[in-house]
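Visitor: Whatever this is, show me its structure:
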Amino acid sequence: MIHLGFFNRTPKKNNEKRIQPNVIKWPDYIVDLDNKNFETFIETYPFCLVDFWAPWCAPCKALAPRLRRLSHTYKGQVAFGRLNTHDHQKIAKRFKIMGIPHIIFFCYGKPISSVTGLKSISDIKKIIEHLINKTGG
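Guide: Numbers count the residues shown, from 1 in each chain. Got it, this is the predicted structure:
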C-alpha cells in the first residue's frame, strides 16, 4: 500500500538532526549495498529503490543496465541501490524476498511498494512516476 505524505516529512530518530532534501547528495549511479550501508541508504533518501538480485540470475543481469539508465534520469529524485541476496541473505529474508529480481521502493526507510521480475524501463518509469505523484514528491 502506498502511504501518502512521506515526502513531506524527514526522518526523526532520537536527537538526530533532520535531513533536509536540498542537502542530500543524490547519487546518479547505482549504489552497491551490503550489511554495513543498507540501513543508512534506505533511511537517508525521501525516495529510493533497492534491486534485490543474485549473480546467477539472468533476469537480474538484464535489469541492471535499465536501472543504471534510470538512475541518471532520476538523479535528485530517486536514489538507486542494489543488494546481492546471495551474499546478504539476512536482509533478503527480512524483506521476504521470494523471487528475484525484486525491487522495493522505500521512503525514508519504509517500504512503500515492490515489484518482482524483469521489467522494462517504461514499466519502472510508470511505477516511479505513480509513486512520486501519489506521495507528493
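Visitor: for the helix or strand harbouring residue 40, packing partners?
Guide: For residue 40, the host element (DSSP states H and E) is helix 38-44. Contacts defined by 3 or more C-beta pairs under 8 Å, 6 or more residues apart in numbering; DSSP states H and E place helix 38-44 against strand 48-53, strand 79-84. Heads up, the C-betas are built off the backbone N, CA and C, glycines and all.
Visitor: strands paired with the first one, and their directions?
Guide: With DSSP bridges as the criterion, the sheet partners recorded for strand 48-53 are strand 79-84 (parallel), strand 102-107 (antiparallel).
Visitor: Touching that strand from outside, list them.
Guide: Contact with strand 48-53 is made by 30, 33, 38, 41-42, 60, 63-64, 67, 78-85, 92, 95, 97, 100-106, 128, as judged by C-beta atoms under 8 Å, 6 or more residues apart in numbering.
Visitor: What subset of those residues is buried?
Guide: 30, 33, 38, 41-42, 60, 63, 67, 78-85, 92, 97, 100-106, 128 (16 or more other C-beta atoms under 10 Å).
Visitor: Please report the distance of residue 39 from residue 89.
Guide: 16 Å (C-beta to C-beta, to the nearest Å).
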